[in-house]
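Trainee: Fold the following.
(2 chains)
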2 protein chains.
Amino acid sequence: MTATVHTLQANRAPSLEPMMALTTSGMNAVNAVILDRMQSKVALIPELAGHLIAGGGKRMRPMLTLASAALFDYPGTRHHKLAAAVEFIHTATLLHDDVVDGSGLRRGRRTANIIWGNPSSVLVGDFLFSRAFELMVEDGSLKVLKILSSASAIIAEGEVDQLTAQRRIDTDEDHYLQIIAAKTAALFAAACRIAPVVAEAGEEAEDALDTYGRNLGIAFQLVDDAIDYSSDSATMGKGVGDDFRDGKMTLPVILAYARGTDGDRDFWRSAISGDRVADEDLARAIDLVRSTGALADTLERARIYARRAVDSLGSFPAGKAKSAMIEAAEFAVARAY
Amino acid sequence: MTATVHTLQANRAPSLEPMMALTTSGMNAVNAVILDRMQSKVALIPELAGHLIAGGGKRMRPMLTLASAALFDYPGTRHHKLAAAVEFIHTATLLHDDVVDGSGLRRGRRTANIIWGNPSSVLVGDFLFSRAFELMVEDGSLKVLKILSSASAIIAEGEVDQLTAQRRIDTDEDHYLQIIAAKTAALFAAACRIAPVVAEAGEEAEDALDTYGRNLGIAFQLVDDAIDYSSDSATMGKGVGDDFRDGKMTLPVILAYARGTDGDRDFWRSAISGDRVADEDLARAIDLVRSTGALADTLERARIYARRAVDSLGSFPAGKAKSAMIEAAEFAVARAY
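Mentor: Next up is the predicted model:
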């Protein structure tokens, strides 16, 4: 294997297009598994699950499993079922997240908990989570089961940790990084790691892909958290300011609070505790994360994690899969601009 | 193996004592695994999980795993971890159930959702569920993983099904039996079935224990549903009338509705739809399930399922384990009186 330098064509912004093109036929197979295995004789299950699953997500995680498998020229089909399992775990997490946050919108559509109620979202999430394990058991790899059951426990731990940190202005950058490593990056890492497992590419390849996924996941989350304080609400499905109104301690807030004047810090304390949820409060928050450089530095950190993701692929040979994965990491950061 | 007839000493009521005595040292080992594996650096997790786990449940399901293993004189310790996994799945289900039902009391204590809120209960449930799978993966039996992942999906399906049937007076006995087979009996069956798997006792023994657990689970649920219409609220931790106020279509209601006069049926329709939640409405409901024989017939059906559970043990040799399991089935019904 030789190290390669990847250069983008100068005339276009980095995108997910190459990864989508690389995984088109594989994703069709994954989507077929998803559609097939979300069925149940209890009609509400496919109805509710279908609403979210058909709701226009990027399917980033299963796509990463497929792209990672392509990196090893894996010729089999086992990864289709496993990528579907990864997406089911992710979907279950989203259903429960929206209940936990009381969210009303996701990707620009009404959330399942708003349409069908919290009880249905909790239970259908449980169903999808169980179904994910059934798919893994059918595949039969204890190593994959270990990777994904461990990731699932870490995700839940991270979600509880985030809930505990909510509305606590004393949450620091280290704690925040722990939370996003658990709630977001663990599943990105697992989605990538299972590909070299089924391709039997060896421990070193597994570690490299784990590193890629983990750092990519952190970069994505940092940028998501920055976008929540961008002034352009068209950037993502959920509205700008959701984290602010929920009192979530994300990096832009942590940095702006650390750097603020006494008056700014008073503002952040009362905002995070839930006393400032008006539009002019959000406007002031957006102004502060910009003027203190908190937003720029959040994105700068994202760029470093994305760079680490790219570097972890160093030992793999050049090719379509590697290029697509590199560009995905660049896209993770570029979508903020 | 020879068939045996089990006769109770005439001077005492059937109880769980023999099963508890049989499994004392094993349950100490299981409890140690439970305590150890519910830990997390996120303090809220052991705090919340501990509240429910220490809350005085019978630990019926792990006890069944241990008793079933004793039936085969299984000499190993693998079943301790697996019994803990079964209890974690059950605990996760209880946490989510209490959120779904908005319950405030369980076993006479305030529920976790009341103390820590719905979000925490949802997420800690997810954590325990993931931890259950981690324990199974550590054990390494794909057969056990298949049994318990399948049971988990069936439980979630049953819970959604029950939610769909809630406040629907047209739910019939068959539908009700499907629901309780899924939401309750599936985990009882799985808890019993995994014992002959680890004891390598063969397919026939697995099927017999599955039948035992499934029928025992249905008997327990039928009696629970009857007790909810008993007039003595000391019988169980949760208050009498919870199902009635929640508009749950349990067998006492289904039979009383089927047998009622036009006036009675009007009453049930409005009660189940949520329009009659006063104490005098509950009193009338209790009167109707008695006068129509619905309560007695619910218990009569429970007795038949308990009898089936006992009969499924027919081919196993007499001994303490078998006697304890037979008496547990008799206890399932006897506790209603």
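Trainee: use CA for all of it now, contacts and neighbours both
Mentor: OK.
Trainee: Could you report the separation of residue A:48 from residue A:104?
Mentor: Distance, residue A:48 to residue A:104, using CA to CA, to the nearest Å: 15 Å.
Trainee: More neighbours: which of the two?
Mentor: Of the pair residue A:48 and residue A:104, residue A:48 is the one with more neighbours under other CA atoms under 10 Å in any protein chain shown, namely 21 against 17.
Trainee: Give me the pLDDT for the more buried one.
Mentor: pLDDT recorded at residue A:48 is 97.
Trainee: got the contact list for the closest residue to chain B within the stretch 201-337 of chain A?
Mentor: Minimum separation of the stretch 201-337 of chain A from chain B (CA to the nearest CA) falls at residue A:246, amounting to 13.1 Å. Neighbouring residues of residue A:246 by CA atoms under 8 Å, 6 or more residues apart in numbering or on different chains: A:101, A:166-167, A:272, A:274.
Trainee: can you do 10 Å?
Mentor: For residue A:246, the contact set (CA atoms under 10 Å, 6 or more residues apart in numbering or on different chains) comprises A:101-103, A:166-167, A:271-274, A:277.
Trainee: now residue A:231
Mentor: Residue A:231 touches A:240-241, A:282-283, A:286-287, counting by CA under 10 Å, 6+ apart.
Trainee: cool, residue A:326 as well?
Mentor: A:6-8, A:14, A:16, A:18-19, A:212, A:216, A:306-307, A:309-313, A:320.
Trainee: now for the lowest-mean-pLDDT helix or strand in chain A, which elements pack on it?
Mentor: Lowest by mean pLDDT, DSSP states H and E among the helices and strands of chain A is strand A:105-106, with a mean of 88. Identification of packing neighbours for strand A:105-106 by 3 or more CA pairs under 10 Å, 6 or more residues apart in numbering or on different chains; DSSP states H and E yields helix A:78-101, helix A:112-116.
Trainee: That one pairs with which strands?
Mentor: Paired strands of strand A:105-106, with direction, are strand A:109-110 (antiparallel) (DSSP bridges).
Trainee: how far is the strand it pairs with from where the chain is centred?
Mentor: 19 Å (CA atoms, centre = their mean, to the nearest Å).
Trainee: Show the average pLDDT along it.
Mentor: Per-residue scores along strand A:109-110 average to 92.
Trainee: What ranges does the stretch 1-150 of chain A have for its helices?
Mentor: Taking DSSP state H, counting those that start in this stretch, the helices of the stretch 1-150 of chain A run over residues A:17-22, A:24-37, A:44-53, A:60-71, A:78-101, A:112-116, A:118-139, A:142-165.
Trainee: Now tabulate those in TSV and tack on distance to residue B:179.
Mentor: Converted to TSV, the helices of the stretch 1-150 of chain A look like this (distance: least, CA to CA, whole Å):
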stretch	distance to residue B:179
helix A:17-22	42
helix A:24-37	20
helix A:44-53	14
helix A:60-71	33
helix A:78-101	22
helix A:112-116	20
helix A:118-139	14
helix A:142-165	28
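Trainee: Between those helices, which one is closest to residue A:201.
Mentor: Of all the helices of the stretch 1-150 of chain A, it is helix A:60-71 that lies closest to residue A:201, at 9.6 Å by CA to CA.
Trainee: Hey, what's the angle from that closest one to helix A:24-37? Just curious.
Mentor: Helix A:60-71 runs at 130 degrees relative to helix A:24-37, counting by axes from the mean of the first three to the mean of the last three CA atoms, to 10 degrees.
Trainee: Report the buried residues of stretch A:125-142.
Mentor: A:125-137, A:139-140, A:142 (16 or more other CA atoms under 10 Å in any protein chain shown).
Trainee: could you pick out which of those residues are near chain B?
Mentor: A:125-137, A:140, A:142 (CA under 10 Å from any CA of the partner chain).
Trainee: just curious, which of these is nearest to residue B:108?
Mentor: Set against residue B:108, the nearest of those by CA to CA is residue A:126 (26.4 Å).
Trainee: what's near enough to touch the closest one?
Mentor: Per CA under 10 Å, 6+ apart, neighbours of residue A:126: A:89, A:92-93, A:95-96, A:120, A:132, B:92-93, B:96, B:122, B:125-126, B:129, B:152-153, B:155-157, B:159-160.
Trainee: if we go to 6 Å?
Mentor: residue B:156 (CA atoms under 6 Å, 6 or more residues apart in numbering or on different chains).
Trainee: and what of the one 5 residues further on?
Mentor: When contacts are counted by CA under 6 Å, 6+ apart, residue A:131 touches residue B:153.
Trainee: how deep is residue A:57 tucked in, by neighbour count?
Mentor: Neighbour tally, residue A:57, other CA under 10 Å: 12.
Trainee: The one 3 residues further on too?
Mentor: Using other CA under 10 Å, residue A:60 has 16 neighbouring residues.
Trainee: pLDDT wise, what is it at?
Mentor: At residue A:60, the predicted lDDT confidence score is 97.
Trainee: I figured residue A:329 was touching residue A:305, is that so?
Mentor: No: the criterion here is CA atoms under 6 Å, and residue A:329 misses it with residue A:305 at 8.8 Å.
Trainee: So between those two, which is more surrounded?
Mentor: Between residue A:329 and residue A:305, residue A:329 has the larger neighbour count (other CA under 10 Å), namely 28 against 25.
Trainee: quick one: contacts of stretch A:70-78?
Mentor: With contact meaning CA under 6 Å, 6+ apart, stretch A:70-78 is reached by A:199, A:321.
Trainee: try 10 Å this time
Mentor: Residues from elsewhere that reach stretch A:70-78 (CA under 10 Å, 6+ apart): A:22-23, A:26, A:29-30, A:64-69, A:136, A:138-140, A:195-196, A:198-201, A:205, A:209, A:313, A:316-325.
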